[in-house]
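> I would like the atomic coordinates for the input below:
(one chain, ligands or ions: 1)
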Amino acid sequence: MDMQAQTASKDPAARTAAIEARGLRKTYKASNNEPEKHALKGVDLVVPRGSIFGLLGPNGAGKSTFINILAGLVMKTEGEVDVWGFNIDQNPRQARASIGVVPQELNIDPFFTPAEALELQAGLYGVPKSERRTMEILDAMGLADKANAYARTLSGGMRRRLLVGKAMVHSPPVIVLDEPTAGVDIELRQQLWAYVKQLNERGVTIVLTTHYLEEAESLCDEIAIINHGEVVACEKTPDLVARLDRKSLLVTPDTPLDAVPAGLDGYQTQILPGGLLEIAYRPSSQNVAEILDRVNQAGIAIRDLSIEEGHLEDVFLELTRSKAA
Ligand SMILES: Nc1ncnc2c1ncn2[C@@H]1O[C@H](COP(=O)(O)OP(=O)(O)OP(=O)(O)O)[C@@H](O)[C@H]1O
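Below you'll find the predicted structure:
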């Protein structure tokens, strides 16, 4: 197994993963009154090349730790990580050159204009002057007219976009966005996602963490859920949602209801505003015809009917709430 991994990382072109972690552990040492913290407890994860990959989990699950290890900002305790086929221990420079990380914090140096900030970043990554794309990136980020403005005059959304731009100066094949839309208004958020999609269409692999589960559901091809330092699910988004064995039947009765009728024991029911009846059921073991029979037997005349699918949010809650810290 190890042998295979070794051989594979010597030939990046043969690899299909953008990122691969094997048995990744991170233990933060005890300090002051804090005991040691097992932030990652043996994470195995494969991010396919070309995907938009969501990394979700509750606060403190270990997402930033994982991302910071990829970016070379946090030292792992144990395990192996390859970025674009480059092992971060054996080929740290190539691994780092293959990834651009957009951090959570909006820390921008106020003394540089956006154009200068990108030039500086390109310099740090050793991008030759002739290959720099400063204006192209600023343009794509909607910051062309701010190219020479003082960074401190930029709004929060503009700063966020500048950080995304900074992560792109060395044209890495993988871009990681850590909570990129936190605190960004809806319009800018959509603009940012449109650009992320464009980048992805051009072949860039995107890894993102977000607290907006709907966003992850609509944007990500594949999603991993991390909880207490462990990967509790990693699947293609529709499979993950389908895995939730739960749908809701929504009954609009002729006469609005004010209480759940008798005869629906065994189902989770509730009355919604407008006197509608919602009946949650498990499609794998309960069938809709039987539920409808019971509704009929209760003497309810059905005017309309709809079925709601489960959502990522429900899957997320189911997978992350059960385990204590
Ligand atoms: N430098 C550190 N020293 C000690 N403990 C740390 C350090 N950084 C993170 N931790 C702890 O490790 C755990 C994982 O933190 P991490 O920031 O990776 O979580 P996260 O999933 O990114 O959370 P959030 O969504 O809140 O950013 C948390 O319990 C956190 O308190």
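> Please settle this for me: is Glu80 part of a strand?
Yes. Judged by DSSP: H, G, I helix; E, B strand; the rest coil, Glu80 forms part of a strand.
> Pull the number of nearby residues for it.
Neighbours of Glu80 under the rule other C-beta atoms under 10 Å: 19. Where you see a C-beta, it was placed from the backbone N, CA and C, and this is true even at glycine.
> Okay, it and Val231: tell me how far apart.
Going from Glu80 to Val231 by C-beta to C-beta, to the nearest Å gives 15 Å.
> again with Leu277
Going from Leu277 to Val231 by C-beta to C-beta gives 38 Å.
> tell me the phi and psi of Leu24?
Backbone torsions of Leu24, given as degrees, to the nearest 10, read phi -80, psi 120.
> who's in contact with it?
Contacts for Leu24 (C-beta atoms under 8 Å, 6 or more residues apart in numbering) come out as Leu40, Gly42, Val43, Asp44, Leu45, Phe66, Ile69, Lys76, Glu78, Gly79, Glu80, Val81.
> residue contacts, the residue nearest to it when sequence neighbours are not counted?
Spatial nearest neighbour of Leu24, excluding adjacent residues (C-beta to C-beta, 6 or more residues apart in numbering): Gly79 at 3.6 Å. Going by C-beta under 8 Å, 6+ apart, Gly79 touches Ala21, Arg22, Gly23, Leu24, Arg25, Leu40, Gly42, Val43.
> now these as TSV including secondary structure?
Shown next, in TSV, are these (three-state DSSP):
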residue	secondary structure
Ala21	strand
Arg22	strand
Gly23	strand
Leu24	strand
Arg25	strand
Leu40	strand
Gly42	strand
Val43	strand
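> For those residues, name the two members farthest from one another.
Across the contacts of Gly79, no pair lies farther apart than Arg22 and Leu40, at 11.9 Å, counting by C-beta to C-beta.
> And those two? Which one has more around it.
Leu40 (28 against 16).
> any idea how far that one is from Ile223?
Taking C-beta to C-beta, one finds Leu40 at 18 Å from Ile223.
> what bridges to Ile279?
Following DSSP bridges, Ile279 is listed with bridge partners Leu249, Thr269.
> count of neighbours near it?
Other residues close to Ile279 by other C-beta under 10 Å number 21.
> quick one: contacts for Phe112?
Per C-beta under 8 Å, 6+ apart, neighbours of Phe112: Leu120, Ala151.
> Let me know whether my guess that it is in a helix holds.
No. Phe112: not assigned to a helix; according to three-state DSSP it is coil.
> At the contact with the ligand, which residues of the stretch 1-150 of the chain appear?
Contact residues, the stretch 1-150 of the chain versus the ligand (C-beta under 6 Å from any ligand atom): Tyr28, Lys37, Ala39, Gly57, Asn59, Gly60, Ala61, Gly62, Lys63, Ser64, Thr65.
> Can you give the strand pairings for the helix or strand hosting the third one, parallel or anti for each?
Okay, so that is Ala39. Counting by DSSP states H and E, the element that carries Ala39 is strand 37-48. Strand pairing for strand 37-48, determined by DSSP bridges: strand 17-28 (antiparallel).
> Give me the buried stretch members for the strand it pairs with, please.
For strand 17-28, the neighbour count (16 or more other C-beta atoms under 10 Å) marks Ala17, Ala18, Ile19, Glu20, Ala21, Arg22, Leu24, Lys26 as buried.
> Then stretch 273-289?
Residues of stretch 273-289 classed as buried under the neighbour-count rule (16+ other C-beta under 10 Å) are Leu276, Leu277, Glu278, Ile279, Ala280, Tyr281, Gln286.
> now these in TSV, with pLDDT?
Shown next, in TSV, are these (pLDDT from 0 to 100):
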residue	pLDDT
Leu276	96
Leu277	95
Glu278	94
Ile279	94
Ala280	90
Tyr281	89
Gln286	88
